[in-house]
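> All I have is the shape, not the residue letters:
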């Protein structure tokens, strides 16, 4: 798996005190990243519902993890999300993302989040641009 030197990513960094600390696994056969997440009240948007930006982060991070396990260094270029129903604070969410295709330097992945009842709360399509190195500020 491709890894970065710091461990402070907002989504997956285990050393980020205010981050989500998402932990994902990967199935090599299906090229699928998956995991569970339960949001605490500080991630609320409207009362009792996870902020849509946090849902977007969960979906994006899952698709980025697919790229990392496939040893592809890439940055998000496009993220399309369909919110199907609320994701509630305190409920267990099941996240999965999978590889779809790669053409030249563009990787396409998909992801979805399912709630405890087995209903899909959100789906995403992501496009990622393969890079030789992570861009840095000048």
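It's in. Please read all numbers here as calculations on a predicted model, not as lab measurements.
> contacts and neighbour counts: CA atoms only from here.
OK.
> mind listing what the residue most central in space within the chain touches?
Within the chain, one residue has its C-alpha closest to the average C-alpha position: by CA atoms, centre = their mean, that is residue 61, at 2.3 Å. Residue 61 makes contact with 11-12, according to CA atoms under 8 Å, 6 or more residues apart in numbering.
> and it, what element?
Here residue 61, judged by DSSP states H and E, is contained in helix 52-69.
> Now do the buried residues in that helix.
For helix 52-69, the buried set under the neighbour-count rule, 16 or more other CA atoms under 10 Å, comprises 52, 54-56, 58-69.
> Farthest pair within these?
Within those, 52 and 69 form the most distant pair, 26.1 Å apart (CA to CA).
> who does the helix or strand that contains residue 121 pair up with?
Following DSSP H and E, one finds residue 121 within strand 120-130. Using DSSP bridges, the strands paired with strand 120-130 are strand 74-83 (antiparallel), strand 106-114 (antiparallel).
> Run the angle between the first one and helix 52-69 for me.
Angle, strand 74-83 to helix 52-69, by axes from the mean of the first three to the mean of the last three CA atoms, to 10 degrees: 140 degrees.
> residues in contact with strand 74-83?
So strand 74-83 is contacted by 56, 60, 64, 67, 121-131, 134 (CA under 8 Å, 6+ apart).
> I'd like to know which of the residues you listed are buried.
Judged by 16+ other CA under 10 Å, buried ones among the contacts of strand 74-83: 56, 60, 64, 67, 121-130.
> got a list of what the nearest residue to residue 32 once chain neighbours are set aside touches?
Nearest in space to residue 32, with sequence neighbours left out and distances taken as CA to CA, 6 or more residues apart in numbering, is residue 98 at 4.3 Å. Counting by CA under 8 Å, 6+ apart, residue 98 makes contact with 30-33, 63, 66, 109-111.
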